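In: Got a predicted model here, sequence first, then my questions.
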Number of protein chains: 4
Amino acid sequence: MPDLQKSRDTRNISIDKVGVKDIRYPIVLLDKYREQQHTVARINMYVDLPEQFKGTHMSRFIEILNRYHGEISVDNLEEILGEMQQRLDAGRAHLELSFPYFIEKRAPVSGARGLMEYQCRMIGTLSDHFDFVIEAEVPVTSLCPCSREISEVGAHNQRSLVRVQIRYREHVWLEDLIATVEGCASAPVYSLLKREDEKAVTEQAYHNPMFVEDMVREVTRKLKENSEISWFRVECENFESIHNHSAYAQIEMTTGD
Amino acid sequence: MPDLQKSRDTRNISIDKVGVKDIRYPIVLLDKYREQQHTVARINMYVDLPEQFKGTHMSRFIEILNRYHGEISVDNLEEILGEMQQRLDAGRAHLELSFPYFIEKRAPVSGARGLMEYQCRMIGTLSDHFDFVIEAEVPVTSLCPCSREISEVGAHNQRSLVRVQIRYREHVWLEDLIATVEGCASAPVYSLLKREDEKAVTEQAYHNPMFVEDMVREVTRKLKENSEISWFRVECENFESIHNHSAYAQIEMTTGD
Amino acid sequence: MPDLQKSRDTRNISIDKVGVKDIRYPIVLLDKYREQQHTVARINMYVDLPEQFKGTHMSRFIEILNRYHGEISVDNLEEILGEMQQRLDAGRAHLELSFPYFIEKRAPVSGARGLMEYQCRMIGTLSDHFDFVIEAEVPVTSLCPCSREISEVGAHNQRSLVRVQIRYREHVWLEDLIATVEGCASAPVYSLLKREDEKAVTEQAYHNPMFVEDMVREVTRKLKENSEISWFRVECENFESIHNHSAYAQIEMTTGD
Amino acid sequence: MPDLQKSRDTRNISIDKVGVKDIRYPIVLLDKYREQQHTVARINMYVDLPEQFKGTHMSRFIEILNRYHGEISVDNLEEILGEMQQRLDAGRAHLELSFPYFIEKRAPVSGARGLMEYQCRMIGTLSDHFDFVIEAEVPVTSLCPCSREISEVGAHNQRSLVRVQIRYREHVWLEDLIATVEGCASAPVYSLLKREDEKAVTEQAYHNPMFVEDMVREVTRKLKENSEISWFRVECENFESIHNHSAYAQIEMTTGD
């Protein structure tokens, strides 16, 4: 059977990324506290394609994924990318995994346990060197300092989403990255709160008002202090309770060693 | 050229709905205050198909849509459905239009003007009688009565979305339906608020705490009082500022005359 | 601490559904072939609320969920609903779980194994009786009979999505429901196909052209023959390769015993 | 009333982007053929914030938007950005508008008119110079060369989406950019096709098979030839009819003058 993909292309145009997108796949991740965690990822796998080849071999991406079934982790991402490079004759291989990640969290007063979900992502690229970015989306509460200052009672507050991406020198756990972000908001959010917890969280937020600008700056301050981290981008979006649009802020930084 | 769709089907299975889905199309609507409003709809058009026919004629749906281009409104929905029935030899015709609808709203103290967007829907069905449902999604603020009661300062609040669908005897304007819903929350939301407005809205919400249950009940109370309305469903979703999930409530009711 | 939710409401309006929405949660399901399957669900939990109560107790929903952590299945859904009824003093309890479900599938010629993902849903309601609906979304290929008939070469074809919901008398496995649907299209879709498989699938689709109407009728025919099934709804959406909108069909049927 | 935003921040951290996100707003655009076109945009507006200021003034973004209500276009984007810079004391202003854009298109044989929708975007940034990117998402048909080559009859084909972003030296109309992309696929897609058109489009695609790699290369070839264009990125995603995932390719290029 002819292999059209292997045939020669004469347009002299190389392709930056080619591959498969939006594959849903069950994965097992290393978990800081529970050894391993089962979740479901949405996966993109790309390589570059030199100008002389007409096409890449899409089925090989899926074969590689199947071989690592149940064993995908931060630890072997570089190995998977190496196999993509090799089997697809590529100079550069790229892999993205987006997945919900669950962490048990205790309510601040009652200690009631609940499971919080964080949407996370791992983005690996292998060319002559290995590049790795890890991302977490952390929902938090923000309470508006201006509203609190000018109002006789109360202050508008809302759910916010902080998205943070980092490159690190030594390994940083998702659990630790998320905890850092949760410490930089008016208050964390929880899946389970009893009445005594609701009181505590409401008061914590009121005593700790933060603009969207304050939250990205606080996260920046914390990430700059962490010598493991070499680069980061932090974005925060407040789903304003008084508007039908969001307030948004972003900082990106390469940190010296 | 053969017309396969017209050929005979022998499976003795009639089809409830068949047609075209997710067509995006610019429409012009009647507006209570500004004569007309340009917006963009997502449109579904279906008919039933008797058991003896193999298929419907999909291109005719688009032709009908094109004929009414720029003139789709509550007033001629029944006429459009009649044409669908006729041209597609159908007993029942069904048309759904989902679209953002804009209403100018003034900030409560400064009077600053802003444009609020509401996602709305018209759902018409014509068989031996004409059935029409109109829907609006209204973002509002809700402030938690429990949090206010038990906390020394503040109270958690958040953006909520009230979705209301009605059937009416006489015409009800979207503008009036939306205003009714906005009066049943802790506070409305606005696109533009100056500092004096932010103070007013914050305090209004604090003095008017409402559970998700209160909001659907208040909307219910108001819609029941309106003798134009013969049926409604109201749903409310609070995007909780202290959780990463929503609180939700729903009431559906046929109201006597 | 006061319990506002328990206080008396005087509006004389009962609430049909009230509870928590869009909780993401890891679950373990019974799997026909592999004993159990880990996946991640999006969960809604509602009860009704009698007119005399001001509010329900949202945190109890999460507590119930946590108690069944890792043990949610078709087999104990009624038990979970019973606990919701009891702990929330409700007449009616409602639980929805939406989740990706994975089934290993072999390519038709090479036998290469791949993992297919199907978006599924379980919807349970307990009042004086237990009602249970199971849903699967099955991606398939459809090839247009009209295009094949009138064209000298080729025929347009596309990815389609069949959504099927059933109520059953005896247990029906998701695996079997999905296999039934896959047999009612121009061809199934696969996650992994080698060249010989691609040839087989292309030719199978060409020799088996089906309108969107044909697919819902074929599924209907198969489900009617199954005496386990007491009710079903089947919808099919073709993401037309020649249009930017979809073709759509739907049949709903209660089947006698 | 105090203006907290203006107060001094001592963390020494400037913010790259801060502003408002996901505002829906009706806009009127210049249209190559019909003078103007009404549509609805989703808008993001950001500025940078120097380290000494605690916050930006969110309501001013909305005020600027309101002032240009009904007059937003490629021609005055730089002016709007200039006003953002000035009113918000910013070094850099950023504006993104995403909107559906409609173009009338005639079926290839019957000449029947239909309205095609393309999701488009304008991204403007003003610092010491003005940077402008225009984007269009163009749905097309792709037919697999490999499937055609190896199969006795037929060939799998599907809807694909080509996203193209350009920077230009002289003005390039969205209408022309979209036409260029539509010429680089197996066939264009249409909103309205009669039977004779369906035959023509089916055969055109069969005689013009293209991999996802071919489509991004063809678009690249065309854009490189256009001396108006100084930079582009083209991505193509095939919603494979034989898989439940997509094939994807991307090329980015700065073109010399």
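Out: Yep, it's here. Numbering: from 1, shown residues only, chains lettered A, B, ... in the order given.

In: Only C-alpha atoms from now on, for both contacts and neighbour counts.
Out: Will do.

In: Report the rounded mean pLDDT for stretch A:45-62.
Out: pLDDT averaged over stretch A:45-62 equals 96, rounded to a whole number.

In: doesn't A:Arg195 make contact with A:Ala112?
Out: No. With contacts defined as C-alpha atoms under 8 Å, A:Ala112 does not count as touching A:Arg195, sitting 11.1 Å away.

In: Settle it for me: which of the two has more neighbours?
Out: For A:Ala112 versus A:Arg195, neighbours defined as other C-alpha atoms under 10 Å in any protein chain shown are more numerous around A:Arg195 (18 against 15).

In: can you pull the contacts of that one?
Out: B:150, C:1 (C-alpha atoms under 8 Å, 6 or more residues apart in numbering or on different chains).

In: so where do the helices sit in the stretch 51-200 of chain A?
Out: Assigned helices in the stretch 51-200 of chain A, in chain order: A:58-67, A:77-87, A:145-150, A:174-182, A:195-206 (criterion: DSSP state H, counting those that start in this stretch).

In: Which parts of chain A belong to which domain?
Out: For chain A, the domain assignment from automatic domain parsing gives the residue ranges A:8-106, A:135-257.

In: and A:Gln36, how many neighbours?
Out: For A:Gln36, the tally of surrounding residues (other C-alpha under 10 Å) stands at 11.

In: Can you give the strand pairings for the helix or strand containing it, parallel or anti for each?
Out: Secondary structure assignment for A:Gln36, by DSSP states H and E: strand A:35-49. Applying DSSP bridges, strand A:35-49 is found paired with strand A:15-31 (antiparallel), strand A:93-106 (antiparallel).

In: Would you mind giving these as a markdown table with distance to C:Met84 added?
Out: Supplementary listing: those in a markdown table, determined by distance: least, C-alpha to C-alpha, whole Å:
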| stretch | distance to C:Met84 |
| --- | --- |
| strand A:15-31 | 30 |
| strand A:93-106 | 23 |
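
In: can you redo the ones you listed as CSV with mean neighbour count, mean pLDDT and distance to D:Ser246?
Out: Compiled in CSV, those are given as follows (neighbours: other C-alpha atoms under 10 Å in any protein chain shown; pLDDT from 0 to 100; distance: least, C-alpha to C-alpha, whole Å):
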stretch, mean neighbour count, mean pLDDT, distance to D:Ser246
strand A:15-31, 21, 94, 5
strand A:93-106, 21, 97, 14
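
In: got the residues of the stretch 151-257 of chain A near chain C?
Out: By C-alpha under 8 Å from any C-alpha of the partner chain, the residues of the stretch 151-257 of chain A that approach chain C are A:191-195.

In: out of those residues, which one sits closest to chain B?
Out: A:Ser191 (5.5 Å; C-alpha to the nearest C-alpha).

In: Would you confirm that the closest one contacts B:Ser246?
Out: No. Counting by C-alpha under 8 Å, no contact exists between A:Ser191 and B:Ser246, whose distance comes to 10.4 Å.

In: residues in contact with whatever residue of the stretch 151-257 of chain A ends up closest to chain C?
Out: Among the residues of the stretch 151-257 of chain A, A:Leu192 lies closest to chain C, at 6.0 Å counting by C-alpha to the nearest C-alpha. Contacts for A:Leu192 (C-alpha under 8 Å, 6+ apart) come out as A:107, A:112-114, B:243, C:59, C:62-63.

In: Let's see that with 7 Å instead.
Out: With C-alpha atoms under 7 Å, 6 or more residues apart in numbering or on different chains as the criterion, the residues that contact A:Leu192 are A:107, A:112-114, C:59, C:62.

In: Look up how far C:Phe61 lies from it.
Out: Computed with C-alpha to C-alpha, to the nearest Å, the distance linking A:Leu192 and C:Phe61 is 9 Å.

In: Show me the common contact partners of the two, please.
Out: Shared contacts of A:Leu192 and C:Phe61, defined by C-alpha under 7 Å, 6+ apart, are absent.

In: Quick check: residues of the stretch 101-250 of chain A near chain B?
Out: Residues of the stretch 101-250 of chain A lying near chain B by C-alpha under 7 Å from any C-alpha of the partner chain: A:139, A:141, A:147, A:150-159, A:189-191, A:198-199, A:202-203, A:206, A:240-244.

In: rerun at 6 Å
Out: Within the stretch 101-250 of chain A, the residues that sit near chain B (C-alpha under 6 Å from any C-alpha of the partner chain) are A:141, A:150-151, A:154-159, A:189-191, A:199, A:202, A:206, A:241-243.

In: From those residues, which land in strands?
Out: With DSSP state E as the criterion, strands contain A:141, A:157-159 from among these.

In: PyMOL command to pick out the buried ones of these?
Out: Only the buried members of these end up in this PyMOL selection, burial being decided by 16 or more other C-alpha atoms under 10 Å in any protein chain shown:
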select buried, chain A and resi 141+157+158+159
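
In: With only the CA atoms kept, save the top helix by length along chain A in PDB.
Out: Longest helix in chain A, counting residues (DSSP state H): helix A:212-225. As requested, C-alpha coordinates have been extracted for helix A:212-225 and formatted as PDB (Å, rounded to 0.1, in the frame of the first residue of the first chain):
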ATOM      1  CA  VAL A 212      -7.200  41.900  40.800                       C
ATOM      2  CA  GLU A 213      -3.900  43.900  40.600                       C
ATOM      3  CA  ASP A 214      -3.100  42.900  44.300                       C
ATOM      4  CA  MET A 215      -3.600  39.200  43.600                       C
ATOM      5  CA  VAL A 216      -1.200  39.000  40.600                       C
ATOM      6  CA  ARG A 217       1.300  41.200  42.500                       C
ATOM      7  CA  GLU A 218       1.200  38.900  45.600                       C
ATOM      8  CA  VAL A 219       1.600  35.800  43.500                       C
ATOM      9  CA  THR A 220       4.500  37.500  41.700                       C
ATOM     10  CA  ARG A 221       6.100  38.400  45.000                       C
ATOM     11  CA  LYS A 222       5.900  34.800  46.200                       C
ATOM     12  CA  LEU A 223       7.100  33.200  43.000                       C
ATOM     13  CA  LYS A 224      10.100  35.600  42.800                       C
ATOM     14  CA  GLU A 225      11.100  34.500  46.300                       C
END
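
In: who does A:Val234 bridge with?
Out: Here A:Val234 shows beta-bridge partners A:Val164, A:Ile251, assigned using DSSP bridges.

In: how much space is there between it and A:Ser59?
Out: The gap separating A:Val234 from A:Ser59 is 36 Å, by C-alpha to C-alpha.

In: out of the two, which sits in the more crowded spot?
Out: Relative neighbour count places A:Val234 above the other of A:Val234 and A:Ser59, with 24 against 15, counting by other C-alpha under 10 Å.

In: and the longest helix of chain A with strand D:15-31, angle?
Out: Going by axes from the mean of the first three to the mean of the last three C-alpha atoms, to 10 degrees, helix A:212-225 is angled at 130 degrees with respect to strand D:15-31.
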